[in-house]
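Predicted coordinates and the sequence they were generated for:
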Amino acid sequence: MATADPTFLTDPPRFVFFTGKGGVGKTSIACASALRLARAGKRVLLVSTDPTSNVGQVFGLSIGNTITEVPAAPGLSALEIDPEQAAAAYRERIVGPVRGLLPDAEIASITEQLSGSCTTEVASFDEFTSLLADPDERVAGFDHVLFDTAPTGHTIRLLQLPGNWTEFLDNGKGDASCLGPLAGLDKQKAMYAGAVEALSDPERTRLVLVARANRAALAEIARTHDELTAIGMTRQHVVVNGVLPTPVDDTDPLATAVYHREQAALATVPDTIAGLPTDLIELKAVNMVGLDAVSSLFDAASPPTAAAETDLVAIAEIAEAPLADLIDAIEADGHGLVMCMGKGGVGKTTVAAAIAVALVQRGHDVHLTTTDPAAHLTETLAGELDHLEVSRIDPHEASETYRNRVLAAKGAGLDDAGRATLAEDLLSPCTEEVAVFQAFSKVIHESRRKFVVIDTAPTGHTLLLLDATGSYHREIARQMGDGAQFTTPLMRLQDPAQTKIVLVTLAETTPVLEAAGLQDDLRRAGIAPWAWVVNNSLAAAEPTAPLLRRRAVAELEQIDKVRGELADRYAVIPLSTTEPVGITAVGSLAELRPEPSPVQ
């Protein structure tokens with residue numbers, strides 16, 4: 001089944017993008033591809049555009065916002081576009097030349113304009129487009145530039161931005177505060193146009209759509225295919241990662257169920273991607289961390305060794321920690337905000353839906369919403385439930401509502417020319433950030449009288465939203481002055497009596513590390529995570545098939561880290577034999593209590 005020479009690496013062009021739903025293995029595939037090309041004698045630059053990149057974790061070295069050689073892999077270098085570092089450098093490029101020439105108050109005003117999440121996104125975006133547009137001497141010596149991207153929704157926005165900004169700047173009069181001085185726009189326009197040209201040239205750019213063998217992940221890359229084809233990215237390949245190899249151990253009900261579920265998904269691939277070149281990558285017994293593990297990703301899987309007796313005992317003794325116990329504590333407050341956060345692909349949507357459905361079944365009115373650009377709430381629930389309101393903070397709808405509101409308010413006293421100028425300014429891609437924040441704030445306010453459960457976007461995108469929340473709080477505090485009484489959305493998030501942050505993870509090294517980093521970021525913002533949920537645990541499901549058993553053993557260290565070091569309270573959800581889709585299936589997760597079985 002596995003292929004030692006994936007078709008997407010046959011005659012690769014200069015630029016290769018890896019994208020897909022969070023948690024499908026984009027970073028592993030990108031790192032393994034970079035290693036394969038480097039060992040073939042090519043000079044390769046691996047770039048992460050994920051705001052919470054883990055490329056450095058895979059290779060065991062610190063990378064950051066500068067091109068760094070990977071010592072153990074001659075010819076391979078890596079770059080992580082760090083949003084905060086990029087934003088700091090971007091602000092300094094704009095503010096530095098006028099510092100000392102303008103009054104301090106004006107410098108402070110410019111700095112404040114450039115402190116929001118929009119500037120952070122634009123700064124990262126500039127880094128990205130400079131690599132594509134090819135005037136950048138940093139990439140001149142590389143044969144291939146591989147992009148390990150953020151989860152789908154964030155990536156689609158990133159890849160659409162060159163065209164959005166080109167169109168906006170071509171119209172000529174937009175508010176360019178987050179781009180810097182108007183004098184620099186000609187250079188920006190040329191760079192963005194160059195990026196658009198590179199993205200739409202199949203001789204220079206290839207898109208690799210990475211998925212798992214499940215319907216949701218395959219449906220998402222089908223949507224991605226359609227959206228990115230629309231902007232000219234037509235050279236596309238499909239990679240289905242982590243496929244359970246045959247022959248399957250039919251003495252293990254879990255292995256049998258997972259195998260048949262995957263095969264059914266592969267047999268019903270959406271028509272739009274069914275004809276694309278496709279590679280299947282087998283599930284390996286070890287996590288893809290470290291050079292040796294990543295190097296073996298494209299090789300046929302070796303038969304797994306048997307688990308040690310002590311490991312089998314440890315699996316059987318995993319503490320019972322059902323999600324139902326957390327829901328009992330949430331329900332006790334009678335109302336409030338529950339936010340499920342974490343790395344893409346860890347099951348935030350499923351956990352958020354399970355909490356919401358359980359609260360409804362216990363007699364409460366609940367609003368379940370999502371801030372994820374690639375929302376899957378409706379697919380997960382696959383039905384309706386009385387007293388459960390389901391919504392999505394859709395960036396396009398939020399932007400349209402915001403634009404109409406601003407035009408009605410600020411445009412009421414303007415003449416036709418003034419209204420036209422205001423309408424043009426509101427077409428800036430930055431408007432979306434403001435609009436989404438306002439919709440988010442409205443939902444937070446609603447939690448004062450009922451339960452509101454939010455399925456958030458993957459970590460990096462959520463941090464940008466929280467950054468906007470912090471910027472708004474600082475601006476309100478500045479305007480109101482000392483001693484004034486006010487409440488901002490950030491203050492509600494910081495109040496544990498009003499907000500419960502649930503960090504969702506898998507029992508794997510990278511998701512746990514990223515969730516721990518998110519916890520640190522939240523604490524620095526004065527927001528204390530309330531609980532952790534370890535989702536889809538093989539160890540808690542106690543498989544007997546050797547391959548799954550070895551992966552279960554590998555989970556033990558991470559589960560111990562969560563419950564012993566990171567979480568004040570936690571829950572473990574076993575991997576289910578069926579996909580948790582539908583009201584009944586999702587609701588059952590909230591009452592699931594693992595029952596220890598005899599050690600095999």
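Received the coordinates, thanks. Numbering: from 1, shown residues only.

Only C-alpha atoms from now on, for both contacts and neighbour counts.
OK.

The stretch 301-450 of the chain: strands as residue ranges?
Counting by DSSP state E, counting those that start in this stretch, the stretch 301-450 of the chain has these strands, from start to end: 336-341, 366-370, 388-392.

Mean neighbour count, those strands: which tops it?
Burial of the strands of the stretch 301-450 of the chain is given as mean neighbour count (mean count of other CA atoms under 10 Å); strand 336-341 ranks first at a mean of 26.

So for it, mean pLDDT?
Averaging pLDDT along strand 336-341 yields 90.

Restrict that strand to CA atoms and write it as PDB.
What follows is strand 336-341, C-alpha atoms only, in PDB (Å, rounded to 0.1, in the frame of the first residue of the first chain):
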ATOM      1  CA  GLY A 336     -21.600  30.500  31.300                       C
ATOM      2  CA  LEU A 337     -19.100  30.400  28.500                       C
ATOM      3  CA  VAL A 338     -17.200  27.200  27.600                       C
ATOM      4  CA  MET A 339     -14.400  27.500  25.000                       C
ATOM      5  CA  CYS A 340     -12.800  24.400  23.500                       C
ATOM      6  CA  MET A 341      -9.300  25.200  22.300                       C
END
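
centre of the chain versus it, how much separation?
Offset of strand 336-341 from its chain centre (CA atoms, centre = their mean, to the nearest Å): 17 Å.

That strand pairs with which strands, parallel or anti?
Using DSSP bridges, the strands paired with strand 336-341 are strand 451-455 (parallel), strand 499-505 (parallel).

Surely T111 touches V95?
Yes - if you go by CA atoms under 8 Å, T111 and V95 touch, sitting 7.2 Å apart.

who's more crowded, the two?
Neighbours were counted for T111 and for V95 using other CA atoms under 10 Å; V95 has more, 19 against 15.

ok but that one is inside a helix, no?
Yes - the assignment for V95 by DSSP: H, G, I helix; E, B strand; the rest coil puts it in a helix.

As TSV, the strands of the stretch 301-450 of the chain with distance to A300 would be great.
Formatted as TSV, the strands of the stretch 301-450 of the chain follow (distance: least, CA to CA, whole Å):
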stretch	distance to A300
strand 336-341	35
strand 366-370	39
strand 388-392	42
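
Tell me which of those lies nearest to R138.
Among the strands of the stretch 301-450 of the chain, the nearest to R138 by CA to CA is strand 336-341 (35.2 Å).

who touches that closest one?
Strand 336-341 is contacted from outside by 348-349, 351-352, 444, 447-459, 462, 497-504, using CA atoms under 8 Å, 6 or more residues apart in numbering.

Are any of the residues you listed buried, and if so which?
The neighbour count (16 or more other CA atoms under 10 Å) marks 348-349, 351-352, 444, 447-448, 450-459, 462, 498-504 as buried among the contacts of strand 336-341.

what's the helix or strand containing T224 packed up against?
Secondary structure assigned from DSSP states H and E places T224 in helix 215-229. Counting contacts by 3 or more CA pairs under 8 Å, 6 or more residues apart in numbering; DSSP states H and E, helix 215-229 packs against helix 152-171, strand 205-212, helix 271-274.

ok, back up a step: make a markdown table from the strands paired with strand 336-341 and add mean pLDDT and distance to A257 to it.
Converted to a markdown table, those look like this (pLDDT from 0 to 100; distance: least, CA to CA, whole Å):
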| stretch | mean pLDDT | distance to A257 |
| --- | --- | --- |
| strand 451-455 | 91 | 28 |
| strand 499-505 | 92 | 23 |
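
quick one, which of these is nearest to E514?
In terms of CA to CA, the element of the strands paired with strand 336-341 nearest to E514 is strand 499-505, at 8.7 Å.

Alpha carbons of stretch 203-215, in PDB - could you do that?
Output of stretch 203-215 as PDB, limited to C-alpha atoms (Å, rounded to 0.1, in the frame of the first residue of the first chain):
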ATOM      1  CA  GLU A 203       5.300  24.900 -13.500                       C
ATOM      2  CA  ARG A 204       6.300  26.700 -10.300                       C
ATOM      3  CA  THR A 205       3.700  25.600  -7.700                       C
ATOM      4  CA  ARG A 206       2.200  22.300  -6.600                       C
ATOM      5  CA  LEU A 207      -0.500  21.900  -3.900                       C
ATOM      6  CA  VAL A 208      -0.500  18.700  -1.800                       C
ATOM      7  CA  LEU A 209      -3.800  18.100  -0.100                       C
ATOM      8  CA  VAL A 210      -3.200  16.000   3.000                       C
ATOM      9  CA  ALA A 211      -6.000  14.000   4.700                       C
ATOM     10  CA  ARG A 212      -6.800  11.100   6.900                       C
ATOM     11  CA  ALA A 213      -9.000   8.200   5.700                       C
ATOM     12  CA  ASN A 214     -12.100   9.700   7.200                       C
ATOM     13  CA  ARG A 215     -15.100  11.400   5.500                       C
END
